[in-house]
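Asks: Sequence first, then the predicted structure, then my questions.
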Amino acid sequence: MIDIKFLKENPEKVKENIKKKFQDEKLPFVDQVIIIYDQKCEKLTKMENMRADRNRKSAEIGALMREGKKEEAESIKSEIMHYGDEIDVLTKEVDELEHKITEIMMLIPNIIDDSVPIGKDDSCNVEIEKFGEPVVPEYEIPYHADICEALMGLDKDNAGRTSGNGFYYLVGDIARLHSAMLSYARDFMIDKGFTYCIPPFMIRSDVVNGVMSFEEMDAMMYKIENEDLYLIGTSEHSMIGRFKGQLIKETELPITLTSYSPCFRKEVGAHGIEERGLYRVHQFEKQEMVVLCKQEEAMDYYNKMWSYTVEFFRSLDIPVRTLECCSGDLADLKVKSCDVEAWSPRQQKYFEVGSCSTLGDAQARRLGIRMKTENGNKFVATLNNTVLATPRGLIAFLENNYQEDGSIKIPEALQPYMGGKKFIK
């Protein structure tokens, strides 16, 4: 959510930004919200003037009563008798207008960074850089579900009976590998100086509205019946929500956190749930990184964060590339975002395994997260990035470490988490 004062002073810039995101249907919101904001300011000024007048005349009444001028005092008292009711009406009207302003402002997308490429959807995303040589071995790489089943590590049939499509059992060494990757990701980020957290896996609606757009919420979140609670789609939601309404000392920034959580997503849309495999499922686990910092430091942390994900996957012998997300592929709160994609030797193409985003002060403004400085309070910047989301990360690992004899090579960095094993056979 952008600043209403910025919008009022720069309506054409806000409209141009909406056009860059190919959301022309939202263009009327800019003029609408300015009209409502002016109405609110007019009523607020009237209300404040009325209060000031009442206070001044109340003081006059006291002075007249002390001087024994009771008739004059009663005359003034009758003049301001109706002020209370009028102020109450104005207060209610101002609150209603403020609510309308907030509703509209939450629909207007954040101002994207000048470096973001302009494009309508993810087909216009731009490759930035490749890391590691993408190899296609001479032998065939099976489908990841077949690799897991051959190692007796995947059971989707029984998961379908217990939970439905989009769920799975991981078993034996595959389950252990899944957990080992998450443990390694945790320690990898701790070694980078991030503080480890395990957050709540459910959050209230006011936190949901603070961290994401309504469209994202409807497409992603599972609502708990008869409760004001939602299952998180990523730990970023509850990690940012932790600071709701807080005033943080400038000396306490930056706050750098890495969090583990299960994640739950409806996966509504064109992609749908994958029938056989594990690429798109309702439930997965994730190691995330979250940063709260000063606005001027946000881009430096953005570049550090995606580079950590690249470094993590390269340490597991997985070639990756970074992809700059275009304007139409950015969620409304995002200023800039890039995807980290892993190489698939089976498909001979890259696929997404993580995403890094800087959101400016959009989430902080919605949730009231400020930094206390000598020159007043300012909204902080928030950023998030995937270290590892698995089983998607597990798929990349299996394909890139699959051996001709059907075994899985365990890179040196992961061996301590696998009891010293060098291969899964």
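Replies: Good, I have the coordinates.

Asks: What are the boundaries of the helices in the stretch 51-200 of the chain?
Replies: Taking DSSP state H, counting those that start in this stretch as the criterion, the stretch 51-200 of the chain carries its helices at 70-79, 83-105, 144-150, 157-162, 172-191.

Asks: Just put those helices in TSV and tack on distance to S315, mean pLDDT and mean neighbour count.
Replies: Bear in mind the C-beta positions are built from the backbone N, C-alpha and C, glycine included. Shown next, in TSV, are the helices of the stretch 51-200 of the chain (distance: least, C-beta to C-beta, whole Å; pLDDT from 0 to 100; neighbours: other C-beta atoms under 10 Å):
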stretch	distance to S315	mean pLDDT	mean neighbour count
helix 70-79	78	76	13
helix 83-105	43	90	15
helix 144-150	20	95	19
helix 157-162	31	93	12
helix 172-191	8	97	19
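
Asks: Next, format those helices as a markdown table and append distance to I61.
Replies: What follows is the helices of the stretch 51-200 of the chain, written out as a markdown table (distance: least, C-beta to C-beta, whole Å):
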| stretch | distance to I61 |
| --- | --- |
| helix 70-79 | 5 |
| helix 83-105 | 12 |
| helix 144-150 | 82 |
| helix 157-162 | 75 |
| helix 172-191 | 66 |
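
Asks: what about the ones you listed, which gets the closest to L398?
Replies: When those are compared for distance to L398 using C-beta to C-beta, the nearest one is helix 144-150, at 5.1 Å.

Asks: Give me the helices and strands touching the closest one, please.
Replies: In this structure, helix 144-150 packs against helix 392-400, with contacts taken as 3 or more C-beta pairs under 8 Å, 6 or more residues apart in numbering; DSSP states H and E.

Asks: quick one: average confidence on the helix or strand that comes right after the helix it packs on?
Replies: Per DSSP states H and E, the first helix or strand lying C-terminal to helix 392-400 is strand 408-409. Strand 408-409 shows a mean pLDDT of 97.

Asks: after strand 408-409, next one along is what?
Replies: The first helix or strand that comes after strand 408-409 along the chain, using DSSP H and E, is strand 423-424.

Asks: hmm, who's touching that following strand?
Replies: By C-beta atoms under 8 Å, 6 or more residues apart in numbering, the surrounding residues in contact with strand 423-424 are L151, D173, I174, L177, Q403, S407, I408, K409, I410, M418.

Asks: Now do it: distance to the chain's middle.
Replies: When C-alpha coordinates are averaged (C-alpha atoms, centre = their mean, to the nearest Å), strand 423-424 and its chain have centres 36 Å apart.

Asks: cool, and stretch 376-393?
Replies: Relative to its chain's centre, stretch 376-393 lies at 7 Å (C-alpha atoms, centre = their mean).

Asks: start to end distance for it?
Replies: Its start and end residues considered, stretch 376-393 measures 43 Å (C-alpha to C-alpha, to the nearest Å).

Asks: right, and the helices of the stretch 51-200 of the chain - which one's nearest I18?
Replies: Where those are weighed against each other on C-beta to C-beta, the nearest is helix 83-105, at 12.4 Å.

Asks: which secondary structure elements does the closest one contact?
Replies: Counting contacts by 3+ C-beta pairs under 8 Å, 6+ apart, helix 83-105 packs against helix 4-9, helix 27-66.

Asks: of all these, which lies closest to M217?
Replies: Ranking the helices and strands packed on helix 83-105 by their distance to M217 (criterion: C-beta to C-beta) puts helix 27-66 first, at 18.7 Å.

Asks: can you give me the angle that closest one makes with helix 83-105?
Replies: Helix 27-66 and helix 83-105 are oriented at 160 degrees to each other (axes from the mean of the first three to the mean of the last three C-alpha atoms, to 10 degrees).

Asks: now for helix 27-66, which elements pack on it?
Replies: If contacts are counted by 3+ C-beta pairs under 8 Å, 6+ apart, helix 27-66 sits against helix 4-9, helix 11-20, helix 70-79, helix 83-105.

Asks: could you dump those helices to TSV with distance to R346?
Replies: Written out in TSV, the entries for the helices and strands packed on helix 27-66 read as follows (distance: least, C-beta to C-beta, whole Å):
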stretch	distance to R346
helix 4-9	48
helix 11-20	36
helix 70-79	84
helix 83-105	46
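
Asks: For the residue lying closest to L257 once chain neighbours are set aside, give me its contacts.
Replies: Of all residues not flanking L257 in the chain, V290 sits nearest, at 4.8 Å (C-beta to C-beta, 6 or more residues apart in numbering). V290 makes contacts with S235, E236, M239, I240, T256, L257, T258, S259, T382, L383, N384, as judged by C-beta under 8 Å, 6+ apart.
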